[in-house]
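K.L.:
I'd like to go over a predicted model; first the sequence, then the structure.
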Amino acid sequence: MTETGIPNHIAIIMDGNGRWAKKRSLQRLRGHEKGADAVRDAVKGCAEIGVRYLTLYAFSSENWNRPIEEINHLMGLFRFFFKKEMKALCDAGVNVKFIGNINKLPDDIQVLIKEVCEATKGNSKLILTIALSYGSQSEIVGAMKSLGEKIKAGELEPNEIDEDMISRYLETDGIPDPDLLIRTSGEKRLSNFLLWQCAYTEFVFLDVLWPDFQKADLQVAVEEYASRQRRYGAL
Ligand code: FPP
């Protein structure tokens, strides 16, 4: 947390796009489109209040099990968003990073991802990490495999492994752990998101559906966070 009570790092599980659409008798896809608008506002809102790191759960490894039309539509939205928002993100000083199994995404999106990272890498006002095709358990398995390889090669002793080393082998290496995790839509689960990284994170669950999420909701979550005392297990 910064001196002003603003969390240094906010992670968001953006949930409720489908229910938002259903309430209006619209297709689920419309909910995702409105959800993309809310992403734009959330990035802007976080930059305005002085959050340094924002991590968004945009597509989980489990989301590949959704109907193919919905997956294709979401891929189209990511494509559109990265192309259209690239300049605005650059101008706003946002540094965009990605975590997840990017290799599973369509080739052109992988190219776009590289371009967005390259175009924004010099920025530091807000580090925006987008979790795409991401699953925390698989991320941890990947880290364990790499450590196992090091041990096998005789480059590491098992007793040298500690918490910091495991953190360095995760995809979030270099990004501080989230101070605040927000999940919208009233669901109260982590859903395979940043399991290791959220060991001491404060959770705030909001009833608002993601497409309706506004700066006022961000402020409610930040105020709730600031009112809590974090003791990290100590007294
Ligand atoms: C969860 O709602 C949301 C998703 C699986 C996708 C999140 C994607 C966006 C917000 C759109 C674009 C994002 C970027 C970064 C451009 P759900 O579909 O599970 O909703 P439901 O639980 O109400 O069915």
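P.N.:
Good, I have the coordinates.
K.L.:
for the residue lying closest to residue 212 once chain neighbours are set aside, pull up the helix or strand it's in.
P.N.:
In this structure, residue 212 finds its nearest non-sequential neighbour in residue 20, 6.6 Å apart by C-beta to C-beta, 6 or more residues apart in numbering. Backbone N, C-alpha and C define where each C-beta goes, glycine included. Using DSSP states H and E, residue 20 sits in helix 17-23.
K.L.:
how about the very next helix or strand once past that helix, does it get close to the ligand?
P.N.:
With elements assigned by DSSP H and E, the helix or strand that comes after helix 17-23 is helix 28-49. Yes. Figure legend: helix 28-49 in contact with the ligand (C-beta under 6 Å from any ligand atom); contacting residues 32, 35-36, 39.
K.L.:
how near is residue 57 to the ligand?
P.N.:
Per C-beta to the nearest ligand atom, to the nearest Å, residue 57 is found 7 Å from the ligand.
K.L.:
mind checking the SS state of that residue?
P.N.:
Three-state assignment for residue 57 (DSSP: H, G, I helix; E, B strand; the rest coil): strand.
K.L.:
model confidence at it, what's the number?
P.N.:
With respect to pLDDT, residue 57 scores 98.
K.L.:
output the longest helix belonging to this protein.
P.N.:
Secondary structure of the chain read by DSSP state H shows that its longest helix is helix 68-91.
K.L.:
list the helices and strands that helix packs on?
P.N.:
helix 28-49, strand 53-60, helix 107-120 (3 or more C-beta pairs under 8 Å, 6 or more residues apart in numbering; DSSP states H and E).
K.L.:
out of those, which is closest to residue 192?
P.N.:
strand 53-60 (6.2 Å; C-beta to C-beta).
K.L.:
okay, now the sheet partners of that closest one, with direction.
P.N.:
strand 9-13 (parallel), strand 126-134 (parallel) (DSSP bridges).
K.L.:
residue 193: which of those strands is closest?
P.N.:
The nearest among the strands paired with strand 53-60, by C-beta to C-beta, is strand 9-13 at 5.8 Å.
K.L.:
hmm, that closest one touching the ligand?
P.N.:
No. Strand 9-13 lies out of reach of the ligand by C-beta under 6 Å from any ligand atom, never closer than 8.0 Å.
K.L.:
I figured residue 222 hits residue 180, correct?
P.N.:
Yes. If you go by C-beta atoms under 8 Å, residue 222 and residue 180 touch, sitting 7.1 Å apart.
K.L.:
list the residues that contact both of these two?
P.N.:
Counting by C-beta atoms under 8 Å, 6 or more residues apart in numbering, the residues touching both residue 222 and residue 180 are 7, 10.
K.L.:
list the contacts for residue 222?
P.N.:
Neighbour list for residue 222: 5-7, 10, 49, 180 [criterion: C-beta under 8 Å, 6+ apart].
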